[in-house]
Structures are given as structure tokens and as C-alpha cells.
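here is my input, please return the structure:
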Amino acid sequence: MLDKLPRTPNNEDYDLCVRAAWLHYAGGLTQGDVAKRLGIPSLKAHRLIAKAKEDGLVRFSIDGEISECLDLEDKMRVRFGLKFCEVCPDLDDEPLPLQALGIAGSRFLKTAFENGEDKVIGFGHGRTLAAAVSLLPKMNVRDVKLVSLLGGLTQRFAATPFDVIHRLAERTGAETYVLPLPFYANTVEDRAVFLSQRGVPAVMAMGIDATLRVVGIGTMEADASTLSTGMIEHQEFDDARKAGGVGEILGHIFSQTGKVIETDISARTLTMDVEDIGKQKTIALAGGRSKIEAIRAVLASGLLYGIIIDERSARSLTA
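Numbering: from 1, shown residues only. Okay, here's the model as predicted:
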């Protein structure tokens, strides 16, 4: 990994070295591609990558800090009142930067499991979270309990991978608690029945009390992952958008200004009440061009403790 070595402010050589190593070793780019991405001669790219390895910066994963990302982290914290922010360097130009966010997210989770500070950690759904879990090494986590923060059963098998809790159980061997519930109830009345079932209140309470939650942020666009569950009608999704819905977290929908949008969708979500989200450290793992406005909306709610986000998205949000 790139060690957190002593560094001086505005050290462009250090930043360039870290960025070149990140792109080459984490992003899988060739030295020629690194040169093109950074706008430098191929020979210089080769020397930067060689220097990173020679200086002991590169081991197994990239953990170095780039000044531009550090500056963006400061801006994000100030702009949105965050206690924690990690901005990971861009690796590609994909609309959803799963590779960059997956690397940063898996490192965050690994550290959380190893330090044992949070004895109960709650998890949401989403492709980005699934990407982070897929990059986790096999671990023996015995002192931390993992709990799902919302139901995960869907009508379509293709949506099942968005429920990351089972993957976490396989990777960590940790004691895991799952809400044996659908992603959404059919009606508000059904929701009340589901939440009253034996064992469900205890798991729900565990998620509410979890001292760390890691969640994704959803959009209200036509390709939203919540639609792929098959448990939301397009009409009610469109109605939520017309009511001002821009972003979603744990099934709750927010406007551009961070106001909760009360809809039939959120009323049927089998998860904690929106007021409970901000009671514990809730970290979002999110980014990508299509999610900028959704992320902005959720950040405006003031419910997040922190966020792990890609460089390009952070730059857009702080422009």
C-alpha cells in the first residue's frame, strides 16, 4: 500500500507519484495509459511508478493521500457539515465509478472490522456497497456484529446482489443479523404487520442502535436500483419525483434542499424511521455523474456523519 509518509504541502512530485501509483496498481492502467491520463511523457510515468515502488510506497493497496483529494475533503466537510469525508482518486470515466469507490469502501470496512471500535455495524443495499464487499479479503471477524438495515427480499433475482449482508457474512464470518423481510411492503398496513413479527423488532432495534452504519445513496432517475426490485410501480416512482424527490437513502426520499418527501414508497419501506438515521454515525458510499444531485440532496438533509466519494463527484459538489 502507499504508506502515509511525511509530506509537505503542495508537494507536486509526491502527489504525482501517488497518483501514478494509484492509477497503475489500483486502476490497472499500463504505464503508457498512466502517462496519457496525467499528461506526462511515458518515461516520466515509468520513473514515477518505479520511484513509488522503490521508496516503499507500494505494497498491497494504495493508501497514500493526494493534496487535491485532501483539499476536496476539507471543502466537503465545511460545505455539508460532515464529520468525516474520504475522497478517492478517479480511476476511470465510468458514470458509476465502482472500481474507485469499491477500493476505498473495502479499505474503510476492513479498518472498521479490525479496530473493533464499533461492536455493531449496520449495512444498507446497493451496487456500490456490493462492489466494496467484493474486494474485501477473507477475514476472521469475531468481535463485531453485522446487521441489515432494511429488508432485502425482492421479486426479481437480478436485484438480489444489492443485498450485501450475506456477502459480508461469507467474507468475515461475523455474527450477522438479517431482516427476513421484503424490500418494500405492499401497503402501509402490511408494513406494520411485518414489523410486528417475532424477532423483527429486535433486529430493527439493533440497526437503529448500531454505532456505525454504511449505506448507499439512490437516485430518482429511470435507472434507479430501487425500481429493479420489481416492488415499486413506475407510476408511484414518477409521483415521488413530481413531488420533488431527488435522492434516496434507506428508502427515504429527499428534495434538493434535504427535505423529506413523504410518499407511499417511503411509507412502505421496511427500515428505520428517517429520524433515526442521524442518531448514529451513518457513512454513505456513493459517487458518479448520475448521482450528483441525489448525493447533494441527502447531504443537505444533515443526517450523514460522513461520506466516501470519488474525486470527480466531490469536485462537482464543491464547485
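
quick check, central residue of the protein?
For the chain, Leu285 is the residue whose C-alpha lies nearest the centre (C-alpha atoms, centre = their mean; 1.4 Å).

does it touch Arg107 like I think?
No - the criterion here is C-beta atoms under 8 Å, and Leu285 misses it with Arg107 at 11.2 Å. For glycine as for every other residue, the C-beta is placed from the backbone atoms N, C-alpha and C.

please identify the buried residues of whatever helix or strand Ala112 lives in?
Assessed by DSSP states H and E, Ala112 sits inside helix 98-115. In terms of neighbour count (16 or more other C-beta atoms under 10 Å), helix 98-115 has its buried residues at 98-110, 112-113.

quick one: contacts of that helix?
26-27, 61-63, 86, 88-92, 118, 121, 127-129, 131-137, 139, 141, 144, 172, 174, 212, 214, 283, 285-287, 308-311 (C-beta atoms under 8 Å, 6 or more residues apart in numbering).

residue ranges with poor pLDDT in the stretch 101-250 of the chain?
Where the stretch 101-250 of the chain drops to pLDDT under 70, the residues are 153-163, 227-231.

what segments of it are strands?
120-123, 145-148, 175-177, 212-215, 218-219, 247-249 (DSSP state E, counting those that start in this stretch).

indicate which one of the ones you listed is closest to Asp15.
strand 212-215 (28.3 Å; C-beta to C-beta).

which residues are contacting the closest one?
105, 108-109, 112, 118, 120-124, 126, 129, 149, 207, 249-250, 277, 280-285.

state the paired neighbours of it in the sheet, together with their directions.
Strand 212-215 pairs in its sheet with strand 120-123 (parallel), strand 281-285 (parallel), by DSSP bridges.

what's the closest non-adjacent residue to Thr271?
Of all residues beyond its chain neighbours, the one nearest Thr271 is Leu150 (3.6 Å), with distances taken as C-beta to C-beta, 6 or more residues apart in numbering.

residues touching the one you found, list them.
So Leu150 contacts 124-125, 179, 181, 183, 250-251, 269-272 (C-beta under 8 Å, 6+ apart).

try 6 Å this time
250, 270-271 (C-beta atoms under 6 Å, 6 or more residues apart in numbering).

do I have it right that Ala35 meets Ser42?
Yes - taking contacts as C-beta atoms under 6 Å, Ala35 lies within contact range of Ser42: 4.4 Å.
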